[in-house]
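Model the structure of this input:
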Amino acid sequence: MDRGKGTASESSTGIREHKKWTFDMDFQLLNAMIDEASMGNRIDGSWTTMGYTNILKSLHQSGLVRITKNNVKNMLKSLKDKWHKIHDLFSGLSSFACNQT
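From the prediction side, this is the model:
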C-alpha cells in the first residue's frame, strides 16, 4: 500500500486523504497563526477552539477550502518537528552566523 504524500489510503473508518502542503499553503497557515496569536487565541502554547476556527476560516478565504482542522493539526506537528531538528542542530553553536562570502 502506497502511503506517500498526496495519496489516499484506506483505514477502518473509510478513506483518508493525505494533503501535500506547498510553500504558499505554509505561508497562508503561518500568517493565520500569527494573526490568531496576536488576538490571544493561543494560551499556554495551545490553540483555543476559536483560534483553530479562525485559522480555518482564513485558509478557506484564501482558497484552501479542502483543508480541515486535522490537516492543520498535522501540519503544526510537522512544523514543530522541523523546528526541533533545526534548534538541536544549531543550539550548541553560539558563534554560528552567516558568512557573506
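
contacts for the lengthiest helix in the chain?
Longest helix in the chain, counting residues (DSSP state H): helix 69-90. Helix 69-90 has contacts (Cβ atoms under 8 Å, 6 or more residues apart in numbering) with K19, W21, D26, L29, Y52, I55, L56, L59, F96. From N, CA and C alone the C-beta is placed, and that goes for glycine too.

how about a cut-off of 10 Å?
If you take Cβ atoms under 10 Å, 6 or more residues apart in numbering as the criterion, helix 69-90 is touched by 16-19, 21, 25-26, 29-30, 32-33, 47, 49, 52-53, 55-56, 59, 64, 67-68, 96.

what does stretch 50-58 give?
By Cβ under 10 Å, 6+ apart, the surrounding residues in contact with stretch 50-58 are 28-29, 31-33, 35-37, 39-43, 47-48, 64-65, 67-69, 71-73, 76.
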